[in-house]
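Trainee: structure for the following, please:
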Amino acid sequence: MRLILLGPPGAGKGTQAQRLINRYGIVQLSTGEMLRAAVSAQTPVGLKAKDIMAAGGLVPDEIVIGIISDRLDQPDAVKGFILDGFPRTVPQAAALDELLKKKHIKLDAVIELRVNESALLQRVETRVAEMRARGEEVRIDDTPEVLTKRLASYRSMTEPLIHYYSERRKLLTVDGMMTIEHVTREINRILSAIGAVEAKASEKAAKAKSAAKSKAISAKAAEKTAKPARRSVSAPKKAAKASGKAGKPASRVVKKAAKKPSRKVAAGSTTRPAKKAGKTAKKVTKKRAKA
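Mentor: Here you go, the predicted model:
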């Protein structure tokens, strides 16, 4: 995601830039910070800027473009960036387009926060009055007089960029007079609509897909390892069945053996008294014959 935020001083560009950074993991490229970093790192472009700044002059556009070029080559700028404070003029915007073209980087959108200047002045006047009432110190650059000068400078130098990027179909306008939350939601909606966050969404989907795939593989592996355990559990059951089958004949034999003695006993009980009766009869006849 590569963005430029446009808008007059006090429109809320800094607040929205910070929210975009936190949400999408991109970096904010501020020309002032980049200049100071290049000077402290003593890069060739930074050394040129240092001499000009020490002499009290304005850093030329070509030096600023060179610093931006070096910054875009750093790893943290690969995911995307928001340009803050640049470009301020149409020539700077044209130079930036050439730089991005050489680096094969596409600018996704230029988001303009459109506000009412009179409302901005009223906000500053109210804020300054409240700070003075609380006894707080008011910054020199945070007064209605300074804001009036900055707004005039914005109209003459930077406002022509609205037309420049509108012709190139890069400009997207958001009502900056809404609440901070409403402005944030509108910016995110616009970025989704133009596909500026599509790469991030597809990346998340790919990660989710790979995670689901790894879970499925681990589940299959767990299922394979669980099969021998199931067989070992069923083995005792089979053994019990086999023993049950082997036990059936024994039980039948026991039953038969239990039935046979009862039959013998029953038979004995009927035949033995008959034999005894015959013997006694013979003895009686013998005794009678002798008599």
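Trainee: show me where pLDDT drops low in this protein?
Mentor: 197-214, 216, 218-291 (pLDDT under 70).
Trainee: at 90 what do you get?
Mentor: 1, 8-15, 28-64, 66-67, 70-71, 78-79, 84-86, 117-150, 153, 194-291 (pLDDT under 90).
Trainee: now do the strands in it.
Mentor: Ranges of strands within the chain are 2-6, 27-30, 81-84, 109-114, 171-175, based on DSSP state E.
Trainee: each with direction, which strands does the last one pair with?
Mentor: Read that as strand 171-175. strand 109-114 (parallel) (DSSP bridges).
Trainee: and the partner strand with strand 2-6, angle?
Mentor: For strand 109-114 against strand 2-6, the angle by axes from the mean of the first three to the mean of the last three CA atoms, to 10 degrees is 20 degrees.
Trainee: which one of the strands of the chain lies closest to residue 101?
Mentor: Smallest distance to residue 101 across those (CB to CB): 12.6 Å, for strand 2-6. For glycine as for every other residue, the C-beta is placed from the backbone atoms N, C-alpha and C.
Trainee: nearest to residue 95, out of the strands of the chain?
Mentor: Nearest to residue 95, of those and by CB to CB, is strand 81-84 at 12.4 Å.
Trainee: need the residues that contact the closest one.
Mentor: 2-5, 13-14, 17, 20-21, 26-31, 68, 72, 96 (CB atoms under 8 Å, 6 or more residues apart in numbering).
Trainee: ok, back up a step: now render the strands of the chain as TSV, adding distance to residue 190.
Mentor: Below are the strands of the chain laid out as TSV (distance: least, CB to CB, whole Å):
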stretch	distance to residue 190
strand 2-6	10
strand 27-30	19
strand 81-84	14
strand 109-114	7
strand 171-175	5
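Trainee: now these in JSON lines, with mean neighbour count?
Mentor: Below are the strands of the chain laid out as JSON lines (neighbours: other CB atoms under 10 Å):
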{"stretch": "strand 2-6", "mean neighbour count": "23"}
{"stretch": "strand 27-30", "mean neighbour count": "18"}
{"stretch": "strand 81-84", "mean neighbour count": "20"}
{"stretch": "strand 109-114", "mean neighbour count": "22"}
{"stretch": "strand 171-175", "mean neighbour count": "18"}
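Trainee: for the closest residue to residue 46 other than its chain neighbours, the count of nearby residues, please.
Mentor: Nearest-residue entry for residue 46: residue 38, 3.1 Å, with adjacent residues in sequence omitted and distances by CB to CB, 6 or more residues apart in numbering. By other CB atoms under 10 Å, the residues close to residue 38 number 24.
Trainee: again, but for residue 144
Mentor: Using other CB under 10 Å, residue 144 has 14 neighbouring residues.
Trainee: isn't it up against residue 124?
Mentor: Yes - the pair residue 144 and residue 124 passes the contact test of CB atoms under 8 Å, sitting 5.2 Å apart.
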